[in-house]
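Asker: Take a look and give me a structure for this.
(2 chains)
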Amino acid sequence: MTGKRIRLVVDDEKCQGHNRCRLLAPDLIEIDDLGFAHAKGDGSVSPEQADKARLAVKNCPEFALRLVTDDR
Amino acid sequence: MTGRPPVADWATDFDHTDPRWTEDPYAIMAELRGRCPMARSERYGGLHAPMRYADVRAIAYDTDHFSSKRVVIRENPPNVPLPSPPITSDPPHHKPARMLLLPAFTPQRIDPLIPDARRICNELLDSLAGRSEVDAAIDYAQHIPVKVIAKMLGIPEAEGDRFREWIHVFIEDTIVDDGTSADRLVATAREMDAFFGHYAELRRKEPKDDLISFLLAAQHDGAPLTERHFYGALRLLLIAGIDTTWSAIGASLLHLATHPADRDRLVAEPELMPLAVEEFLRAYAPVTMARRVKEDTELAGCPMKAGEWIMLSFPAANRDPDVFPDADKVIIDREDNRHAAFGLGIHRCIGSNLARMEITVALEEWLKRFPKFTLQDDARIAWSKGPVRGPRTVPVRLG
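Answerer: Predicted structure coming up:
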C-alpha cells in the first residue's frame, strides 16, 4: 500500500527553547536538558496527531517547526 | 519627573515614560504603525522605537548591530557597569553564560514546582475569605512570583516588600534622571549583592537544592563564576522573576474581570487555558527590552547612529495586525499565535516555562474560587511605567 507519511521536524538552529510545542503536542515533542525541543522518535505524525502537530507549528515564535510529507 | 515635557509628536519625540503611553500604549502603537512605524526621539540621547513585528524581530536577531549590554533605557546610565549575564551579554560571551543557567529552567525542572505554586495560590485565596471586594493585583498577583522565586533562589519570601522596592528602583524609579538616579541604582545593586552575599555564605557551608547553591557550584570556562557574574546573575533572576509575572497575572485577571464572556468560557472549558494564557501573553505582553546600536546602520529606511537606544517593544510586535489578525482583540482560543512576549532569538526569556506555569496556576485557582468576579464599578487602574507594564491595582468584586 502506498500513501503519504507526515513528519514533524524541529530545526535545531532555530529552536530557542520557548517550549510552546511541548505544551501543544506533548506526544510529539521532547525537551532536552537545556530546554531545546526535538521531535520524538523519527517525527512521525499519525492522522490523529496531525491537528496538534499543525498547532505546534503555528505557535513556534522562532519558526523552528515544520511538517514534511514523505512518499512511502 | 516634574516638569518633564509631554510628548509633542509620538513619531519624532517618543517617550515611553509619558503617562499617555503608560496608560494606553496600544492606541499610540496603532497610530504610529499607520504613519511612522519606526518612531524616534532625541530624548535619552537618541532612541528608536519600532512598532512593527518585522522590525522588532529583525533587531532581536541582529546581534551584530544591536547590543544587549544595556537592556533598560536610562536617561543617565551609571558609569559603573552592572552586568547581569546572560541578559546583558552579546555573542560570543552570551552562550556559555546562558548554557549554565538553562538546565535550571527546563519544563523537567519547573513542572515539579506546580504543587507548590498551587498551594501558594490557595493560601492567598484563603486569606481573602469573607471579603466581597479585594484587589486582585495587590492581594493576589503580586505575591505569587515573589513566593515562587524566593523558594527557587533560597531566600526568605517574607522579604517580598524589599524585593519589590529594589525592582521598583531598578526599572521604574531611576530610568528618568533626577540627578541621583545613577547613584541610587548602583547603591541598590550593592544592597542586593550584600543581601545575596549573606545567603551565599550560608550555602557555601551547607548547600541546598536552590539556585544560590546551583550558581555557587556552577562552572564557567572551567572555573567557578566570578563574583561579578554570580551577583549579576542573582540580581537578574530576582528582578526578572517578579514584576514581569505579576504584571501578566494582573493583566489577565483584569481582562477576565472586564470580559465576562471570556471568564465564563474559561470556567466552562478549562481545557482552553493553555491557548488563553498565550493569548493574554500576546495581547498584554509586559516586557519591553532595550538594545544599543553598536555601529551606524539603517533599518526600515531609518538611519541609526552608534550609541543610540532601541526600545524593543515585544508588546508592539504582538499587536501588529500584519501578523496577528484582529490584533487588538483578545481571542482566548486563538490558534495561530507566534507571539513574542518572551522575546525572540538568543535572549528568549529563560524563565518562560516558570512564568507560564505561574500564570496558568494563578488563573486556574482564582477562577475555581471566584468564577463570577468583576471589576468594581468605580475602579481606577494604576499601571507601572517603564520596561515592565502591568496593572498595579485591579479592584474586583468577588461575588
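
Asker: Report the contact partners of the residue of the stretch 251-399 of chain B found nearest chain A.
Answerer: Relative to chain A, the nearest point of the stretch 251-399 of chain B is residue B:348 (4.1 Å; CB to the nearest CB). No exception for glycine: its C-beta is placed from N, CA and C like everyone else's. For residue B:348, the contacting residues are A:16-18, A:61-62, B:342, by CB atoms under 8 Å, 6 or more residues apart in numbering or on different chains.

Asker: run the last query once more with 7 Å
Answerer: By CB atoms under 7 Å, 6 or more residues apart in numbering or on different chains, the contact list for residue B:348 reads A:16-18, B:342.

Asker: tell me the pLDDT at it?
Answerer: With respect to pLDDT, residue B:348 scores 98.

Asker: List the neighbouring strands of the helix or strand bottoming out on mean pLDDT in chain B plus their orientation.
Answerer: Ranked by mean pLDDT, DSSP states H and E, the weakest helix or strand in chain B is strand B:219-220, scoring a mean of 91. Strand B:219-220 has the following strand partners under DSSP bridges: strand B:223-224 (antiparallel).

Asker: what packs against the next helix or strand after the strand it pairs with?
Answerer: Downstream of strand B:223-224, the next assigned helix or strand under DSSP states H and E is helix B:227-258. Helix B:227-258 sits against helix B:143-153, helix B:160-168, helix B:181-205, helix B:211-217, helix B:260-268, helix B:273-283, helix B:352-369, strand B:374-375, with contacts defined as 3 or more CB pairs under 7 Å, 6 or more residues apart in numbering or on different chains; DSSP states H and E.

Asker: any idea which of the contacts of residue B:348 is the one closest to residue B:185?
Answerer: residue B:342 (25.2 Å; CB to CB).

Asker: Am I right that that closest one is in a helix?
Answerer: No - read with DSSP: H, G, I helix; E, B strand; the rest coil, residue B:342 is coil and lies in no helix.

Asker: State the pLDDT value of the residue nearest to residue B:297 when sequence neighbours are not counted.
Answerer: With CB to CB, 6 or more residues apart in numbering or on different chains as the criterion, residue B:297 has its nearest non-adjacent residue at 4.7 Å, and that residue is residue B:65. We have a pLDDT of 97 for residue B:65.

Asker: For chain A, which residues are neighbours of chain B?
Answerer: A:16-19, A:22-23, A:31, A:33-35, A:55, A:58-62 (CB under 7 Å from any CB of the partner chain).

Asker: Of the contacts of residue B:348 - the most surrounded one?
Answerer: residue A:18 (28 neighbours; other CB atoms under 10 Å in any protein chain shown).

Asker: which residues in chain A form helices?
Answerer: A:20-24, A:50-58 (DSSP state H).

Asker: can you give me the mean pLDDT across the helix or strand hosting residue B:119?
Answerer: Using DSSP H and E, residue B:119 sits in helix B:114-126. Confidence for helix B:114-126, expressed as mean pLDDT, is 98.

Asker: Which helix or strand lies directly C-terminal to it?
Answerer: strand B:133-135.

Asker: how long is stretch B:122-132 end to end?
Answerer: Chord length of stretch B:122-132, first to last residue, is 17 Å (CA to CA, to the nearest Å).

Asker: Give me the buried positions along stretch B:132-139.
Answerer: B:134-139 (16 or more other CB atoms under 10 Å in any protein chain shown).

Asker: My error: substitute stretch B:306-314 in the last question.
Answerer: Buried-residue list, stretch B:306-314, by 16+ other CB under 10 Å: B:308-314.

Asker: Would it count as contacting chain A?
Answerer: No - Stretch B:306-314 is not in contact with chain A by CB under 7 Å from any CB; minimum separation 10.0 Å.

Asker: Spell out which parts of the stretch 251-399 of chain B neighbour chain A.
Answerer: Checking the stretch 251-399 of chain B against chain A by CB under 7 Å from any CB, the hits are B:274, B:335-340, B:342, B:344-346, B:348, B:352-353.

Asker: picking up where we left off before, reformat the contacts of residue B:348 as a markdown table; add distance to residue B:286 and pLDDT.
Answerer: Shown next, in a markdown table, are the contacts of residue B:348 (distance: CB to CB, whole Å; pLDDT from 0 to 100):
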| residue | distance to residue B:286 | pLDDT |
| --- | --- | --- |
| A:16 | 19 | 98 |
| A:17 | 20 | 98 |
| A:18 | 16 | 98 |
| B:342 | 10 | 98 |
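
Asker: Can you add distance to residue B:150 and give the residues you listed back as JSON lines?
Answerer: Below are the contacts of residue B:348 laid out as JSON lines (distance: CB to CB, whole Å):
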{"residue": "A:16", "distance to residue B:150": "27"}
{"residue": "A:17", "distance to residue B:150": "24"}
{"residue": "A:18", "distance to residue B:150": "25"}
{"residue": "B:342", "distance to residue B:150": "22"}
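
Asker: Identify the farthest-apart pair in the residues of the stretch 251-399 of chain B next to chain A.
Answerer: B:335 and B:346 (27.3 Å).

Asker: And the residue nearest the centre of chain B?
Answerer: Nearest to the mean C-alpha position of chain B, by CA atoms, centre = their mean, lies residue B:244 at 3.2 Å.

Asker: residues in contact with that one?
Answerer: B:286-287, B:355, B:388 are the contacts of residue B:244 under CB under 7 Å, 6+ apart.

Asker: Could you do residue B:185 as well?
Answerer: Residue B:185 neighbours (CB under 7 Å, 6+ apart): B:78, B:169-170, B:174.

Asker: Can you narrow these down to the ones near chain A?
Answerer: Okay, of the contacts of residue B:185, nothing touches chain A (CB under 7 Å from any CB).

Asker: now the residues you listed as a markdown table including distance to residue B:372?
Answerer: Formatted as a markdown table, these follow (distance: CB to CB, whole Å):
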| residue | distance to residue B:372 |
| --- | --- |
| B:78 | 49 |
| B:169 | 39 |
| B:170 | 38 |
| B:174 | 41 |
